[in-house]
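**Q** okay, sequence plus prediction incoming.
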Amino acid sequence: MSRVGPQGVMENFNGQHSQQEIRLFESSKERVTYDNLADLYTIVLATEHLERAYARDAITQKEYTTECHKLLSQFRLAEKAALGKNMTIETFMQIYQMDCPRAVERLLKMGTPEHVKSSTDDGNHVAVTVAETVQFFITTMDAVRLEQKAVDELQPLLSELMDALTRFPDTPGDFEPMKTIEGWLKKLNSMRAIDEIDDDDARQLCHDLESAYAEFTRYLKREK
């Protein structure tokens, strides 16, 4: 037999404390749900710390870019697994009292690492960057033409394209292809991973990509 002790702890009659296990979940399905929420929480927090470290110049540009790309990719997967259609990331952060303004800016608004324009004029570097940029343009346009409309399908493609454009040296600050891709990234990052763009947006995205690609090729010809 047992009784409740003065501190609210269960005691048996010989004075020994009896601790009762408190379970957060009642089934394996509930456990997976809590694990997914914990993963999402960790990714948001890690992004906040990464952005702070970069702002303090505590890590190199290369280290920052590598880790940021990894977190951005993990975030989309974790958001989809943890929240589904029942909750937005903003609501999630409010419920768990997450004050992470830098992570919000990077994960929900920008969707790409902080960019530093390259000024190198090494011929091999430029050739590789041009080839990668062309490939990313073609891959992204093909995806849209094949009617891929989900945010978690399109956002990574646009992010890679934006990263390649940023690495291209000596482009003007108002370079139209970059402005176009950045605008679409902001739009997609304001949506959830499980959301899809509608037919009108898909048609507009395809048109904008074709226009940006044409402007990019014109820029290359002018710079020769």
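**A** Arrived safely, thanks for sending. A quick note: this is a predicted structure, and the numbers were derived from the prediction, not measured.

**Q** CA atoms only: put stretch 90-109 into PDB for me.
**A** Only the C-alpha atoms of stretch 90-109 are listed here, as PDB (Å, rounded to 0.1, in the frame of the first residue of the first chain):
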ATOM      1  CA  GLU A  90       4.400  30.200 -37.700                       C
ATOM      2  CA  THR A  91       1.800  28.600 -35.400                       C
ATOM      3  CA  PHE A  92       4.300  25.900 -34.500                       C
ATOM      4  CA  MET A  93       6.900  28.500 -33.500                       C
ATOM      5  CA  GLN A  94       4.300  30.400 -31.500                       C
ATOM      6  CA  ILE A  95       3.100  27.400 -29.600                       C
ATOM      7  CA  TYR A  96       6.600  26.400 -28.600                       C
ATOM      8  CA  GLN A  97       7.600  30.100 -28.000                       C
ATOM      9  CA  MET A  98      10.500  30.100 -30.500                       C
ATOM     10  CA  ASP A  99      12.000  33.500 -30.800                       C
ATOM     11  CA  CYS A 100      14.200  32.900 -33.900                       C
ATOM     12  CA  PRO A 101      14.000  35.900 -36.200                       C
ATOM     13  CA  ARG A 102      17.100  35.000 -38.200                       C
ATOM     14  CA  ALA A 103      15.800  31.500 -38.900                       C
ATOM     15  CA  VAL A 104      12.400  32.900 -40.000                       C
ATOM     16  CA  GLU A 105      14.200  35.200 -42.500                       C
ATOM     17  CA  ARG A 106      16.300  32.400 -43.900                       C
ATOM     18  CA  LEU A 107      13.900  29.500 -43.800                       C
ATOM     19  CA  LEU A 108      10.600  31.200 -44.500                       C
ATOM     20  CA  LYS A 109      11.500  34.300 -46.600                       C
END
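
**Q** state the pLDDT value of the most centrally placed residue in the chain.
**A** When C-alpha atoms, centre = their mean is applied to the chain, the residue found nearest the centroid is residue 72 (2.9 Å). On the pLDDT scale, residue 72 is placed at 89.

**Q** heads up, I number from 635, so please use that
**A** All right, first residue 635 from here; so that's residue 706.

**Q** in the chain, which spans are strands?
**A** For the chain, the strands defined by DSSP state E cover 636-638, 644-646.

**Q** so where is this protein shaky, pLDDT-wise?
**A** 635-659, 750-758, 858 (pLDDT under 70).

**Q** longest helix in it, please.
**A** Longest helix in the chain by number of residues, with DSSP state H as the criterion: helix 662-689.

**Q** fine by me, we can end here.
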